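**Student:** sharing a model prediction with you, sequence too.
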Amino acid sequence: MLPSSHLVPINLPREAMCAGADALADAFSEFTFAASRLEKSYQELQKEVTQLRAILAERNQALRTSQAEHAQVKLALRHIVDALPCGVIVLEHNRQVTLINPEARRLLGLSDEKVELLDETSLGRHSSLTATMECLANDGTEAEDELCIATPSATRWLGVRSRRFQQDSGHATSTMAAAAGQPQQTILILRDTTSHKKLEQEREDARNVVALAEMSAVLAHEIRNPLASLELFAGLIGEKNSDAAEYVAHLRAGIRTLSATVNNVLRLHGGGSLQLSRIILGDALHSAVEFVRPLAEQQQIALSLTDTTEKLAIAGDKNAIQQLVMNLALNAFRHTPVGGSLQVSASKAETSGTRAKVVFSDSGCGIAPDELAHIFEPGFSGNSQSPGLGLAVCRKIVEQHSGTIRVSSSPGAGTSFAVELPTAL
């Protein structure tokens, strides 16, 4: 068998053999050119690879440097957080604890064991904190509250400030992230406010002591004067004077003034709840107005009652309503000159058909604008002869009846108190 190189007849013409040699030479030349270009491209590729390796090495070095710096900053920040005088807790959206500093552990009475979740299981007795967290979580991205917790060592008050933020700061705002369902973290800042609370309580106790001392002096004066009058008129009645009826009226006025003072002290400091029942407002007002009428007659003040409630009923305490009328009447009598008037009117409230409105309007000297904001405070009085309890008791009685009380006054033009009470079926 002949070799493959001899498949072509060797007896070809010289022209054909020359053409084949030329084609082979051309093909070899093209191959040489392509190889040269490939080698040049490979050399350029090697240069680029070398440059990329240099850039990658530089970037890797910068990344390692950045990671080292980040680790140092993270460590420094952790030391700073651990040294803070306030508690810090960082939570994931599922309440998983990612950071809790020593102060937070101390404030919450937690051990040094790892805390995985901030819930009733891990906190135990601190269910109030978890409840507060629920409230804070519903208040938006930032909220603040105060709670009292009991730890094995003490009971302390904590100020809790909560802020939610998105884990990736490159995204949208926290509110938009929450709406989009993106995970968020919550940071809790805990401050021990126990000492502040104690100072507030001590100041309040001191104010109460001073107020009670001043009140005791005024009460002694208030009680002494009616008692002196009672003793005087009782002696005159004992002499069987022909004007006994007038003296009896004075006795009734003095006794009822004394009764109002004592009842105010009992209602303000005695506490307790009212015995509410269905009563006819007009009947209760009529009885109360007649009860204070001797006081009005004694001071020569015209007292009138206008009732348009048409047997309107309220859920109330009859004795408390009487005390309310007496206090507002006595307040009017103290600031109304002889010959003045006090008008009591009852009607349905204009704003709601389910509420009754009682208005006490006097023709007295009025209340100064700077005193209006303080008239319902216990112990505040615009009259040196008053212990300053009546209006405070009025507000308490109205609030116990789920009502409202408002005042309008102008110096020299009289005063008007408007009381609104819910009606009963």
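**Tutor:** Now that the structure is in, tell me what you want to look at.
**Student:** flag the shaky bits of the stretch 101-250 of the chain, pLDDT-wise.
**Tutor:** Scanning the stretch 101-250 of the chain for pLDDT under 70 picks out the ranges 113-141, 151-153, 166-183, 213-214, 216-221, 224-225, 227-228, 231, 234-236, 238-250.
**Student:** pLDDT score for Gln298?
**Tutor:** Note for Gln298: predicted pLDDT of 82.
**Student:** please enumerate the strands of the stretch 151-300 of the chain.
**Tutor:** Along the stretch 151-300 of the chain, counting by DSSP state E, counting those that start in this stretch, strands occupy 155-166, 184-192, 277-280.
**Student:** could I get those as a markdown table with distance to Asp370 and mean neighbour count?
**Tutor:** For every residue, glycine as well, the C-beta is placed using N, CA and C. Shown next, in a markdown table, are the strands of the stretch 151-300 of the chain (distance: least, C-beta to C-beta, whole Å; neighbours: other C-beta atoms under 10 Å):
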| stretch | distance to Asp370 | mean neighbour count |
| --- | --- | --- |
| strand 155-166 | 33 | 18 |
| strand 184-192 | 36 | 18 |
| strand 277-280 | 38 | 14 |
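**Student:** and those as TSV, adding distance to Gly20?
**Tutor:** Formatted as TSV, the strands of the stretch 151-300 of the chain follow (distance: least, C-beta to C-beta, whole Å):
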stretch	distance to Gly20
strand 155-166	77
strand 184-192	80
strand 277-280	128
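**Student:** among those strands, which comes closest to Ala21?
**Tutor:** strand 155-166 (77.2 Å; C-beta to C-beta).
**Student:** which strands or helices does the closest one pack on?
**Tutor:** helix 127-137, strand 142-150, helix 174-179, strand 184-192, helix 194-238 (3 or more C-beta pairs under 8 Å, 6 or more residues apart in numbering; DSSP states H and E).
**Student:** change it to 7 Å
**Tutor:** strand 142-150, helix 174-179, strand 184-192, helix 194-238 (3 or more C-beta pairs under 7 Å, 6 or more residues apart in numbering; DSSP states H and E).
**Student:** ok, which of the strands of the stretch 151-300 of the chain comes nearest Val359?
**Tutor:** strand 277-280 (18.3 Å).
**Student:** parallel or antiparallel, list what pairs with that closest one.
**Tutor:** Paired neighbours of strand 277-280 in the sheet (DSSP bridges): strand 313-316 (antiparallel).
**Student:** hang on, Ser41 in a helix?
**Tutor:** Yes - with DSSP: H, G, I helix; E, B strand; the rest coil as the criterion, Ser41 is located in a helix.
**Student:** so how far is Glu48 from it?
**Tutor:** 10 Å (C-beta to C-beta, to the nearest Å).
**Student:** got it, and Ser361?
**Tutor:** 98 Å.
**Student:** what of Ala23?
**Tutor:** 37 Å.
**Student:** how near is Gly316 to Leu276?
**Tutor:** With C-beta to C-beta as the criterion, Gly316 and Leu276 are 6 Å apart.
**Student:** so which of these two has more stuff around it?
**Tutor:** Using other C-beta atoms under 10 Å, the more surrounded residue of Gly316 and Leu276 is Gly316, with 27 against 16.
**Student:** wouldn't that one be in contact with Gln400 here?
**Tutor:** No - Gly316 lies out of contact with Gln400 (C-beta atoms under 7 Å); the separation is 9.2 Å.
**Student:** before we move on, back to that, which one of Ser361 and Glu48 has more residues nearby?
**Tutor:** Using other C-beta under 10 Å as the criterion, Ser361 and Glu48 rank with Ser361 on top: 17 against 10.
**Student:** list the contacts for that one?
**Tutor:** 343, 414, 416 (C-beta atoms under 7 Å, 6 or more residues apart in numbering).
**Student:** which of these has the weakest pLDDT?
**Tutor:** Among the contacts of Ser361, Gly414 has the weakest pLDDT, 89.
**Student:** where along this structure do the helices fall?
**Tutor:** 14-83, 102-108, 120-123, 127-137, 174-179, 194-238, 244-270, 281-298, 318-334, 390-400 (DSSP state H).
**Student:** in stretch 368-381, what counts as buried?
**Tutor:** Neighbour-count burial for stretch 368-381 flags 375-376, 378-381 (criterion: 16 or more other C-beta atoms under 10 Å).
**Student:** ok, Asn101 - how many residues close by?
**Tutor:** Count around Asn101 with other C-beta under 10 Å applied: 20.
**Student:** so it makes contact with Leu84?
**Tutor:** Yes - if you go by C-beta under 7 Å, Asn101 and Leu84 touch, sitting 6.4 Å apart.
**Student:** any residues in contact with both of those two?
**Tutor:** With C-beta under 7 Å, 6+ apart, Asn101 and Leu84 have no common neighbours.
**Student:** quick check: of the contacts of Ser361, which lies closest to Glu202?
**Tutor:** So of these, ranked by how close each gets to Glu202 (C-beta to C-beta), first place is Ser416, at 39.6 Å.
**Student:** thought that closest one was touching Arg406?
**Tutor:** No - the criterion here is C-beta under 7 Å, and Ser416 misses it with Arg406 at 8.8 Å.
**Student:** the two - which one has more neighbours?
**Tutor:** Ser416 (17 against 11).
**Student:** so what's that one closest to, chain neighbours aside?
**Tutor:** Excluding the flanking residues, the one nearest Ser416 by C-beta to C-beta, 6 or more residues apart in numbering is Ser361, at 4.5 Å.
**Student:** partners of the one you found in the sheet?
**Tutor:** Gln343, Ser416.
**Student:** state the distance from it to Ser341.
**Tutor:** Counting by C-beta to C-beta - Ser361 and Ser341 are separated by 8 Å.
**Student:** now the buried residues of stretch 368-381 as CSV including distance to Pro294 and pLDDT?
**Tutor:** CSV is the format used below for those (distance: C-beta to C-beta, whole Å; pLDDT from 0 to 100):
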residue, distance to Pro294, pLDDT
Ile375, 26, 86
Phe376, 27, 85
Pro378, 27, 77
Gly379, 28, 72
Phe380, 27, 72
Ser381, 23, 72
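**Student:** all set, thanks.
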